[in-house]
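K.L.:
Structure of the sequence below:
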Amino acid sequence: MTKKKFFSIILLTFIFSISSIAGDSVFITDKSQNIVHQNKQINEAKEKFSNKKLGSFIQNGKTHFRLFAPNAQHVQLYLFKNVNDKKASIFEMKIDSSGVWEFIFESNLKGYFYNYKVIHNNGLNGNSPLCVDPYAKAVATYTTFFNPRKSIVYDDNYNWENDEWIQRDWKDLIIYEMHVRDLTAHSSSKSKNPGSYKGLIEKGITGGIEYIKKLGVNTVEFLPTMEYGYCEAPYKDSLNDKFNSWNPYSRNHWGYMTSNFFAPAAYYAEDWKSFKWNKWIGKDGNQVKEFKDMVKNFHKEGIAVIMDVVFNHLSEYEIGNLKEIDKEYYFRLDTKGNCIAQSGCGNDLKTENPMVRRLIVESILYWMNEFHVDGFRFDLGKLIDWETIEEIIREARKVNPSVVFVCEPWGGGYDPQGFSLREWGSWNDQIRNGIKGENPFNALGWIFGQWYGNNSIERLKSYVNGTTVDFKYGLFQKKDHSVNYLESHDGYTLGDFIRIGTKEVKSGKKINDYDKNVKLSPKQMKLNKLAALFLFTSQGITMIHEGQEFARSKVIPFDISEPDSNKGKIDHNSYDKDNETNYLNFKHAEINAELVNYYKGLIEIRKTFSAFRYADKSDIVFFEEKSNPFFLGFRINFENQDLIVLFNSNQEKKEEFTLPTGEWDVLADKNTAGITAIKSISGKIIIDSTCGTILKKK
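P.N.:
Here you go, the predicted model:
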């Protein structure tokens, strides 16, 4: 038997098994009734907007089920008492004039599981998949290909203990972009609940919130934590017309394949050290309570919570979601009826449709009201239409005027200016590429003593001032719309960028000694510190990525079972690796403790001196040296704070600088940083190559 024929048989068997798991194999028509489809009613529904509450909810002892699917011709509710039930009670749903299908059960069904079978051809089609409720508040997922799910009738009465949103000026934000699992999944975190919501807020451990507190950041930004597609197609085989040639893990770790916009990811509520295939997760709904516990505990420490959210597309590697509920209404389609995918993820949501817009806005408000989330970062924000962008922030500010909204200002275009005009913040790729470079091979930036693209001293001045539109090539109406960063989950870590950029580590070379690789050379240490010094003294929002503070290196482990040809190499796209490539190894934080302490000191300086957050461009005076184009300095006079910052990215020469009259305390130099003076000086100061300093007038 050929491999192809063998796999075809396995595939058919697998598809039938999925149908059985989802409860699609048996029809029990208890209380069902035949419905005569009314074409006129459905056609009218396509153009209408509904204000009816959607999803499942309990009211006056009755359980309501509502689904918006204006183009469907027939919808059935499938009800299961237990998640493993293969037999369902089936109920016919009725449609109203606005396209909402409804069924009301005369009793409280809290804890029951349900799905919808949505028919788009005349009559019943037994092969239609069972669909998860897009408004489900909790979801159980079977961990296998297609990610089959069952919605949960969920209702809780959580005790928030007087918790409220953390309302902070955007300019004060110091964001730590992180993955819920990464901060405790490694054994070095000492967590008793590794990789989970619980583990993240454990007391007395090395990792998790304890580590974040010691670092000093005031905001965390979670990579996507809504329920998502955990599994992709089997490697080197086809499934659902997709041949997986790219992902030997058949897994998704980062979470950018959202399936449910109201449900927390169930995986992080499981007591699993590693992912288990062919298991139901989230079936008890504990993920809702544990997510709330997590937010509440961060708030108790004065740390705000931002969620990375994906509304531009839906999970590609599954069946039984909005694509099957109403593809025509929910997605942008070409003339042949195929999904348009500027996102690069198989589909783009049609956010301009009123009920898709309502879905997004209500999701945001739900996470604010029910989970006390303080802000949001939108993935590929440019794929969302402007009217929706405007309504999101308008409605959210009615709930919390200080709610944070930032985004990737690309995807279907590039327009940070447009977002800024609408009071949104955006990731500032100008400062990212200008300071470190666009890639570590042939496009190095300023810290390496090189200019990338059209960068110059004048551009650096713009970055210091928040990259506002009153500077050439500026992007933002206000500096607090500029999210300044040098590393994110995408691409090489800053540490690896520098390792490769210095040519001290070869890209593509296998690394046998992880500890030796992560240990920074003197040159790498200087470059990391200089980049951090520029980042933390620039106006705008400051963001760092998990592990940036110890120059984390993403090396793919040798001792994994997956057939990854890049084992032992540095990775720049670790979205699929639920392993030590992504987990934070706190032993490496100890190895590079000098850099960790430098970051702690810079964070303390930024929080202490409001000049680095609130000074106007008129408060800042720059210094240059014509004989050294890679030297830049500036002085800030703001609210009785008199500070000088000096940078020298020239790799060949030191720079002597004559200080203004008076005595100056050195707060940061090439070795350390903090609010306690290292020493006091006057007259002249020497700035070594690839170094910087911060001084405060006595």
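K.L.:
Point out where the stretch 251-400 of the chain drops to low pLDDT.
P.N.:
Along the stretch 251-400 of the chain, the model assigns pLDDT under 70 to no residue.
K.L.:
scratch that, the chain
P.N.:
Scanning the chain for pLDDT under 70 picks out 1-47, 122-126.
K.L.:
Please list the residues outside stretch 256-264 that contact it.
P.N.:
By CB atoms under 8 Å, 6 or more residues apart in numbering, the surrounding residues in contact with stretch 256-264 are 55, 132, 134-139, 141, 147, 149, 223-229, 282, 287-288, 290-291, 309-311, 314-318, 321, 345, 359-360, 363, 366, 371, 379, 575. (C-beta placed from N, C-alpha, C; glycine too.)
K.L.:
Narrow the residues you listed to those in helices?
P.N.:
In this view, the contacts of stretch 256-264 that belong to helices under DSSP state H are Gln287, Val288, Glu290, Phe291, Leu359, Ile360, Ser363, Tyr366, Phe371.
K.L.:
Does the fifth one touch Pro134 like I think?
P.N.:
Put plainly, it is Leu359. Yes. Counting by CB atoms under 8 Å, Leu359 touches Pro134, with 6.6 Å between them.
K.L.:
and these two? which has more neighbours close in?
P.N.:
Counted by other CB atoms under 10 Å, Leu359 and Pro134 do not tie: Pro134 has more neighbours, with 26 against 23.
K.L.:
In contact with the more buried one, which residues?
P.N.:
Pro134 makes contacts with Leu54, Gly55, Leu67, Asn260, Phe261, Phe262, Asn321, Leu322, Ile325, Leu359, as judged by CB under 8 Å, 6+ apart.
K.L.:
go with 6 Å
P.N.:
Contacts for Pro134 (CB atoms under 6 Å, 6 or more residues apart in numbering) come out as Leu322.
K.L.:
which residues in the stretch 201-350 of the chain form strands?
P.N.:
Taking DSSP state E, counting those that start in this stretch to define them, one finds strands in the stretch 201-350 of the chain at 219-222, 238-239, 242-243, 280-281, 304-309.
K.L.:
Okay, now the sheet partners of the second one, with direction.
P.N.:
Sheet pairing of strand 238-239 (DSSP bridges) gives strand 242-243 (antiparallel).
K.L.:
so how far is His186 from the spatially most central residue of the chain?
P.N.:
Most central in the chain under CA atoms, centre = their mean is Leu223, positioned 2.9 Å from the mean C-alpha point. For Leu223, the distance to His186 equals 16 Å [CB to CB, to the nearest Å].
K.L.:
Could you report the distance from the nearest residue to Glu549 once chain neighbours are set aside to Ala611?
P.N.:
Leaving aside its sequence neighbours, Glu549 sits nearest to Tyr599 (CB to CB, 6 or more residues apart in numbering; 3.9 Å). Distance, Tyr599 to Ala611, using CB to CB: 19 Å.
K.L.:
and the chain, what are its domains?
P.N.:
3-152, 616-697 (automatic domain parsing).
K.L.:
Between the ones you listed, which one is closest to Asp470.
P.N.:
Comparing the domains of the chain against Asp470 with CB to CB, the closest turns out to be domain 616-697 (7.5 Å).
K.L.:
so which strand or helix has the nearest residue to Gln477 once chain neighbours are set aside?
P.N.:
Computed as CB to CB, 6+ apart, the closest residue to Gln477 that is not its neighbour in sequence is Ser420, at 4.5 Å. In the assignment (DSSP states H and E), Ser420 maps to helix 416-421.
K.L.:
One more: Lys526?
P.N.:
For Lys526, the enclosing helix or strand under DSSP H and E is helix 522-536.
K.L.:
if we can go back for a sec, can you tell which of the strands of the stretch 201-350 of the chain is closest to Asp616?
P.N.:
strand 219-222 (23.7 Å).
K.L.:
That closest one: partners in the sheet, and parallel or antiparallel?
P.N.:
Applying DSSP bridges, strand 219-222 is found paired with strand 174-178 (parallel), strand 304-309 (parallel).
K.L.:
got the contact list for the last one?
P.N.:
Contacts of strand 304-309 from elsewhere in the structure, counted by CB under 6 Å, 6+ apart, are 166, 168, 219-224, 295, 298, 373-378, 404.
K.L.:
Any idea how far that strand is from the middle of the chain?
P.N.:
Per CA atoms, centre = their mean, to the nearest Å, the displacement of strand 304-309 from the mean C-alpha position of its chain is 8 Å.
K.L.:
List the buried residues for it?
P.N.:
Residues Ala304, Val305, Ile306, Met307, Asp308, Val309 are the ones in strand 304-309 that count as buried (16 or more other CB atoms under 10 Å).
K.L.:
Check stretch 326-343 too.
P.N.:
For stretch 326-343, a neighbour-count test (16+ other CB under 10 Å) marks Asp326, Lys327, Tyr329, Tyr330, Phe331, Arg332, Cys339, Ala341, Gln342, Ser343 as buried.
K.L.:
Chain neighbours aside, what residue packs nearest to the last one?
P.N.:
If I follow you right, that is Ser343. His313 is the one closest to Ser343 (CB to CB, 6+ apart), at 4.2 Å.
K.L.:
quick revisit: let me have the buried residues of strand 304-309 in a markdown table, adding distance to Asp619 as columns.
P.N.:
Listed next are the buried residues of strand 304-309 as a markdown table, based on distance: CB to CB, whole Å:
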| residue | distance to Asp619 |
| --- | --- |
| Ala304 | 27 |
| Val305 | 32 |
| Ile306 | 29 |
| Met307 | 34 |
| Asp308 | 33 |
| Val309 | 36 |
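K.L.:
quick check, nearest of the residues you listed to Thr581?
P.N.:
Once CB to CB is applied, the member of the buried residues of strand 304-309 that ends up nearest Thr581 is Asp308, at 19.1 Å.
K.L.:
If I take the helix holding Lys526 and strand 174-178, what angle do their directions form?
P.N.:
Taking axes from the mean of the first three to the mean of the last three CA atoms, to 10 degrees, one finds that helix 522-536 is oriented at 120 degrees with respect to strand 174-178.
K.L.:
Can you name the residues in contact with helix 522-536?
P.N.:
Residues contacting helix 522-536 (CB under 6 Å, 6+ apart): 435-436, 447, 484, 486, 498, 502, 551, 595, 598-599, 602, 606, 690, 692.
K.L.:
Tell me how far the following helix or strand past that helix lies from the chain's centre.
P.N.:
Sequence-wise, the next helix or strand downstream of helix 522-536 (DSSP H and E) is strand 541-545. Relative to the centre of its chain, strand 541-545 is centred 13 Å away, using CA atoms, centre = their mean.
K.L.:
Start and end of stretch 506-518, how far apart?
P.N.:
13 Å (CA to CA, to the nearest Å).
K.L.:
how far out from the middle of the chain is it?
P.N.:
Chain-centre distance of stretch 506-518: 28 Å, with CA atoms, centre = their mean.
K.L.:
list the buried ones in that stretch?
P.N.:
Quick answer for stretch 506-518 (16+ other CB under 10 Å): Ser507, Ile511, Tyr514, Asn517, Val518.
K.L.:
out of these, which one sits closest to Phe105?
P.N.:
For the buried residues of stretch 506-518, the minimum distance to Phe105 (CB to CB) is 55.6 Å, reached by Tyr514.
K.L.:
Against Asp241, how distant is the closest residue in space to that closest one that isn't next to it in sequence?
P.N.:
Distances taken as CB to CB, 6+ apart place Val555 nearest to Tyr514, at 5.6 Å, with adjacent residues excluded. Between Val555 and Asp241 the distance is 34 Å, computed by CB to CB.
K.L.:
If you count surrounding residues, which of these two has more?
P.N.:
More crowded of Val555 and Asp241, by other CB under 10 Å: Val555, with 23 against 6.
K.L.:
if I pick that one, what's in contact with it?
P.N.:
By CB under 6 Å, 6+ apart, the neighbours of Val555 are Ile511, Tyr514, Ile570.
K.L.:
Appreciated, that's everything.
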